[in-house]
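Asker: missing the sequence, but the structure's below:
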């Protein structure tokens, strides 16, 4: 059995996370995309 835990530290990076002032402007979509690709690759590898 394999266990995977992904956590979100949004409150440490973005104090407005989850509030009415939580807007997309401060997000780094390039790094976000790379992180998603990396997690996707890891999941594909675990599934084999």
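Answerer: Yep, it's here. Predicted, not measured: the structure shown is a model, and the values here were computed from it.
Asker: now the closest residue to residue 17 other than its chain neighbours: how far from residue 30?
Answerer: Spatial nearest neighbour of residue 17, chain neighbours left out: residue 10 (3.9 Å); criterion: Cβ to Cβ, 6 or more residues apart in numbering. C-beta here means a position set from N, CA and C on the backbone, and glycine is covered the same way. Distance, residue 10 to residue 30, by Cβ to Cβ, to the nearest Å: 18 Å.
Asker: So which of those two has more stuff around it?
Answerer: Ranked by neighbour count (other Cβ atoms under 10 Å), residue 10 and residue 30 place residue 10 first, with 12 against 8.
Asker: Quick check: the gap between that one and residue 18.
Answerer: In terms of Cβ to Cβ, residue 10 sits 7 Å off from residue 18.
Asker: what's around residue 14, how many residues?
Answerer: Residue 14 has 15 nearby residues by other Cβ under 10 Å.
Asker: hang on, it packs against residue 25?
Answerer: No. Assessed by Cβ atoms under 8 Å, residue 14 is found out of contact with residue 25, at 10.5 Å.
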